[in-house]
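In: dropping the sequence and predicted coords here.
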Amino acid sequence: MALARPMTVAAILLVAVLALYGAVIAAFWWFQRGLLYPGQGGPVPADTARLPPAVETITVPTADGERLRALWLPPAPGAGMVVSFHGNASLPEWHAERFAAGPWRARGWGMMAPAYRGYPGSTGRPSEAGLIADGLAAVAEARRRAPGAPVLLHGHSLGAAVAVAVAARIGAEGVQGLYLEAPFDSMTAMARYHFRFLPAGLLADTWHSDRIIGTVSVPILIVHGESDPVIPEKYGARLARIARADFVGVPGDHVSILGTRDGKAAARFRPAP
């Protein structure tokens, strides 16, 4: 009888711990898309003063009926277009400002930068299938507005996964290449890295770039920060090995590396005369 009380207390503690763990798992499952797409909602940015005057805001329709806010700059004759996909907590303005200036504009590149569904100014709610549909719609609209202009697909962080998925679906025709900054090989790997105590099988959106990038037959340049705490460099390097892509590790973190290799990329992916 003397041992009954400690065993009972231990059993109660075990049940409580399991119940708490179950509640954490349930909350993660229920709110996972809020965690994965934190940039959704909110107002459209009011400060666009840094965007060149030639950049215009347009609406891009998707195949499933959503309407995306996007920023557009037409290419010069004979030049290509960068279709840029932002990160999960970002906005298209950051990339539009960059690709509408500097070495890109000097070489006549055009630019398309959409806000994903559910993000400021766009309808719908984000999901893996939805963002891929958004990416396909952005490419289709860019091609409609600038027929014959070669496309360079760019993506940062989650946007790199969107770019890979789009490239795998549209093929190599008319595509100059893939320019990826701070990509990951899969969201499953990221979940295991950031939430080690949770089963990765709970993910609704797995974003397995590692399973499809091998089908992409265009030149690929991957740039990754050597001190990236969000997506450590090894995940981008792993994706590069699978794709047999050019990989450049640079000093910096998840954000500070943006644009550090733009001069090289703009020259490398320049359409042939």
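Out: Good, I have the coordinates.

In: at which residues are the helices of the stretch 101-250 of the chain located?
Out: Using DSSP state H, counting those that start in this stretch, the helices of the stretch 101-250 of the chain run over residues 102-106, 128-145, 158-170, 187-194, 233-243.

In: pretty sure Glu181 sits against Leu153.
Out: No: checked against Cβ atoms under 8 Å, the pair Glu181 and Leu153 is beyond contact range at 12.0 Å. Any C-beta I mention is one placed from the backbone N, CA and C, and that applies to glycine too.

In: just to revisit the earlier point, what's the least confident stretch among the helices of the stretch 101-250 of the chain?
Out: Of all the helices of the stretch 101-250 of the chain, helix 187-194 carries the lowest average pLDDT, namely a mean of 89.

In: quick one: buried residues of it?
Out: 187-191 (16 or more other Cβ atoms under 10 Å).

In: quick one, that helix and helix 128-145 angle?
Out: With axes from the mean of the first three to the mean of the last three Cα atoms, to 10 degrees as the basis, helix 187-194 and helix 128-145 are set at 130 degrees to each other.

In: which strands or helices does helix 187-194 pack on?
Out: helix 233-243 (3 or more Cβ pairs under 8 Å, 6 or more residues apart in numbering; DSSP states H and E).

In: at 10 Å what do you get?
Out: On a contact count with 3 or more Cβ pairs under 10 Å, 6 or more residues apart in numbering; DSSP states H and E, helix 187-194 meets helix 4-36, helix 158-170, helix 233-243.

In: may I have that helix exported as CSV, CA atoms only?
Out: Presented in CSV, the C-alpha positions along helix 187-194 are these (Å, rounded to 0.1, in the frame of the first residue of the first chain):
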residue,chain,number,x,y,z
MET,A,187,9.0,22.3,-45.5
THR,A,188,9.0,18.9,-43.7
ALA,A,189,12.7,19.4,-43.1
MET,A,190,12.0,22.9,-41.8
ALA,A,191,9.3,21.7,-39.5
ARG,A,192,11.7,19.1,-38.0
TYR,A,193,14.3,21.8,-37.6
HIS,A,194,12.2,24.4,-35.9
